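Peer 1: predicted model and sequence below, questions to follow.
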Amino acid sequence: MSTLDIPELALVVLVGVSGSGKSTFARRHFAPTQVLSSDIFRAMVADDENDQSASADAFEVLHHVAGKRLRAGRLTVVDATNLQQHARAGLVTVAREHDVLPVAIVLDVPEPLCWERTRRRPDRTFGRQVLGRMQRDLRRSIGRLEREGFRKVHVLRGVEEVEAAEIRYQKLFNDRKELTGPFDIVGDVHGCRAELEALLLRLGWTLHRDTAGRPVNATHPEGRTAIFVGDLVDRGPDSPGVLRLVMGMVGAGTALCVPDNHEQKLLRKLRGRNVTVSHGLAETLAQLDAEDPGFVVEVSAFVDRLVSHYVLDGGRLVVAHAGLKAEYQGRASGRVRAFALFGETTGETDEYGLPVRYPWARDYRGSATVVYGHTPTPAPEWVNNTICIDTGCVFGGSLTALRYPSRELVSVPAAKEYYPPARPLGSVPDGVAAGASDPAPTGPPGAARLGAGRLGRPDSAGRDDLGLDLRDVTGRRHVDYGYGTVTVPAENAAAALEVMSRFAVDPRWLPWLPPTMAPCSTSTVDGFLEHPAQAFEDYRRAGVDRVVCEEKHMGSRAVVLVCRDEAAPTTAVGPTTAVGPTTAVRPAGPAGPAGSTTAAGAGLFGPGDGVVYTRTGRPFFGGALDRELLARVRAAIGGAGLWAELDTDWLLLDCELLPWSAKAGSLIREQYAPVGAAGRAALPAVLDVLDRAAGRDLPVADLRARMARRGTDLDRYTEAYSGYVRPTDGLAGVTLAPFAVLASAGVSHAGRDHGWHLGLADRLHDADPELFTPTRRRVVELADETAVSAATDWWLELTGAGGEGMVVKPYAGFGARDADGRLLQPGLKCRGRDYLRIIYGPEYAEPDQLAVLRHRSLGRKRGLALREHGLGLAALDRLAEGAPLWRRHELVFAILACESEPVDPRL
């Protein structure tokens, strides 16, 4: 049996003459979807798989489809004769363009058998001389395949080998997805052995030394694995000592290491290549001269075995020396290796004569966390789920490690400046220019310019750091948000972009938008369109046994993101705690340490102290009035003790701002009041005419009664909206009714029950009763008919006194699910009869109109509410984990885009 080793991701090219059994081989060993047949593509473009004149077009389409598959990371097999060098060259090019390995499988079957098989096929009309020419081409091809770029060539000679062959898939060397950690990822050491030892000890590692007292291995009592991002040598005082320790750890299986530009240059020098001795290489060579020659041989072999990058933890973590774009992760090519070692440059140099590096991290959209070094930075900073942990130890900075998955940063200071940097640390924005003096290949001029489609604005350093791009949100998009998937039509995205780009608050301060809310099922109770009985029954059917009925405030939805400090600095990266001589730094996240001491908003939101915005993301009042409102909210949170209790420096609150007229005054004047005014002006005259007609014995009694009822309905309509109007002056007369504390630093509170949320809201009311309005509620066990009846009576009392109604919610919280694990409606609104006059018109309760409204369709509205709810939960999750801005914003943007769905706005 012949075993053919093939990479899990590869372009497999079958090579053989007609009749050699390529298609049969492909069907036996590969899935139908993996195989691209030239015959099928010829038929596709010419309706005849034997039309050789269509071959050029057929292969053009085949190459395109192969490229799409390879880009998506799918094994692809090309079933064609592939006997001409130019045909194979095109396929090798496709493989290289997508950074996968091309593999050739040659089926070398005797010509007589191939001819016999060909003769049995009625669609094959060529003569035997054609087959003979193919056979000669095959003979010439076999010896050329490796030179043409095929990384693996398998030649199966004879029918027996073909039929006995088995495919065995091999993982690429960089695929270590089975390793899940925990990991300690160490930044650029550059020969600073003493600092490396101190850092490992600080991380809890035990050093093991040889008889000469030199560290040659390290182990961790918790079974952690160390990963070194490279730059072990050059510039520092003891490159051999660093190599000895790291090589020992890698050899013992307690560490991994990726290659870097410095080690690669050292390797070339050790192998006798002509290299420029600069950037600290001279110091390393001098130090190695004092070592045993056998050790130097081991160093050479160690560096030669290093793999360009590693993909770990099921694909959730990538480690590469200079970082790695998403499309290169898990791939194998010279281009991938070059990027992993050197990054990408613009072809320009800065004022220090160093190459300017393209800020790839700002455009990163991959799901994997990328950890890298190479470019010294004063302090690590998360950019789009990537982080550079080279903090310039050899230049007098510090040596830093990232603990994964907790994302805790631990560093030790350098004992001294061992090597003067060509450019002072921190003199340019991180991610823009190259490391202190690291050489790198150059790229095309102008490659650093950002795309014209970028959203955002430069900060004080002239740096566009929002990390948003039009391509993130425009066009038809499919968003997988963890709670489900949603398709955002292009036209909805365009409408959302109009609002976001022209009216919304800074995207950094817009982490969440409220979902729309569906009403309860249409009531069967006489005279009611909505009634608590249906809301309770809706949740009973979903398996909910306990609900909370909250008073529905008639105001304007207001989301308040408030920070503890009035002026947040722009340089903080997250909570910072001192640990002896080291510093542990971690951005806010679910696994982070308690006790954040940085100013609010600096890491996640940018400069500022908070924002108040509407349900479509617009500033609520704007300017000084929002600032005044934030100050009052901030003080109340402090007075209620919530900053300390929740261990946070910011809070995200979901509220209703009252009265309705404070924000909707123009709407009331222009849309609702004119209806009442017109009715009051016209109806007296109508009734007068009808009274005179009745005096003449005309049969208008029914019409007169209907008009009189219309007048009563109109009075109720006017009273309904007038109850939500009251004078305000600035914040005088304005109140805020919070009903949910959505998130705080590193935590989404969506999983808390509503008792917890409303309890905190009550404490805010106690701290500032003038500003905060409490939310009245009833907790109802749905199996308790007495409690259900009492809640219904309460609703009738609320609505009879002019209240809008109530919202019925699963008491367990926003993330409540049914027995099948599906998200439940976060709340069902149950609005009162008089309030619904504002929505459906003064006479909606007339029996004939109510009969029509009972057939209103709620399915689309409920589906929309669930989609927006799931997107909102995912947005809160990403906010809590400190996800990059683009990953948070795509969900908020999708919520706003959903609002363009054609749904009856009265529901």
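Peer 2: Structure's in. What do you need?

Peer 1: do a quick rundown of the helices in the stretch 601-750 of the chain.
Peer 2: Secondary structure of the stretch 601-750 of the chain, counting by DSSP state H, counting those that start in this stretch: helices at 623-639, 642-645, 660-667, 673-695, 701-722.

Peer 1: measure stretch 474-494 end to end?
Peer 2: Stretch 474-494 has an end-to-end distance of 7 Å (criterion: Cα to Cα, to the nearest Å).

Peer 1: run through who's touching it.
Peer 2: Applying Cβ atoms under 8 Å, 6 or more residues apart in numbering, the external contacts of stretch 474-494 come out as 473, 497, 823, 867, 870-871, 873-874, 877, 890-891, 893-894, 897-898, 900-901. Glycine gets a C-beta too; all of them are placed from N, C-alpha and C.

Peer 1: quick one on the thing from earlier: just send the helices of the stretch 601-750 of the chain back as TSV, with distance to Pro237 too.
Peer 2: Putting those into TSV (distance: least, Cβ to Cβ, whole Å) gives the following:
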stretch	distance to Pro237
helix 623-639	51
helix 642-645	46
helix 660-667	66
helix 673-695	81
helix 701-722	79
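
Peer 1: present these as CSV; the columns should include mean neighbour count, distance to Ala322 and mean pLDDT.
Peer 2: Output for the helices of the stretch 601-750 of the chain, formatted as CSV (neighbours: other Cβ atoms under 10 Å; distance: least, Cβ to Cβ, whole Å; pLDDT from 0 to 100):
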stretch, mean neighbour count, distance to Ala322, mean pLDDT
helix 623-639, 17, 42, 94
helix 642-645, 15, 41, 95
helix 660-667, 17, 51, 81
helix 673-695, 13, 65, 84
helix 701-722, 16, 63, 83
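
Peer 1: closest to Gly248 out of those helices?
Peer 2: For the helices of the stretch 601-750 of the chain, the distance to Gly248 is smallest for helix 642-645, at 46.9 Å, taking Cβ to Cβ.

Peer 1: export the closest one as CSV, just CAs?
Peer 2: Written as CSV, here are the backbone C-alpha positions of helix 642-645 (Å, rounded to 0.1, in the frame of the first residue of the first chain):
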residue,chain,number,x,y,z
LEU,A,642,-21.9,51.7,43.0
TRP,A,643,-18.5,52.7,41.7
ALA,A,644,-16.9,50.7,44.6
GLU,A,645,-19.5,47.9,44.8
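
Peer 1: from the chain's centre, how far out does it sit?
Peer 2: Centroid separation for helix 642-645 versus its chain: 29 Å, with Cα atoms, centre = their mean, to the nearest Å.

Peer 1: and for it, what are the contacting residues?
Peer 2: So helix 642-645 is contacted by 564, 637, 648-649, 651, 741, 760, 763-764 (Cβ under 8 Å, 6+ apart).

Peer 1: swap the cut-off to 7 Å and go again
Peer 2: For helix 642-645, contacts defined as Cβ atoms under 7 Å, 6 or more residues apart in numbering pick out 564, 637, 651, 760.

Peer 1: out of the residues you listed, who's nearest Arg136?
Peer 2: Using Cβ to Cβ, these come closest to Arg136 at Leu651, 78.1 Å.

Peer 1: hang on, isn't that closest one packed against Val562?
Peer 2: Yes - look at Leu651 against Val562 with Cβ atoms under 7 Å: they come within range, at 5.7 Å.

Peer 1: what's the closest of the helices of the stretch 601-750 of the chain to His749?
Peer 2: helix 642-645 (11.5 Å).

Peer 1: with adjacent residues omitted, what lies nearest to Thr735?
Peer 2: Thr773 (4.3 Å; Cβ to Cβ, 6 or more residues apart in numbering).

Peer 1: an error on my part: the question was meant for Leu267.
Peer 2: Closest to Leu267 by Cβ to Cβ, 6+ apart is Val303, at 4.5 Å.

Peer 1: so who does that neighbour touch?
Peer 2: Contacts of Val303 (Cβ under 7 Å, 6+ apart): 259, 263, 266-267.

Peer 1: let's see that with 10 Å instead.
Peer 2: Going by Cβ atoms under 10 Å, 6 or more residues apart in numbering, Val303 touches 230, 232-233, 243, 247, 257, 259-260, 262-268, 270.

Peer 1: having no further points to raise, I will conclude here.
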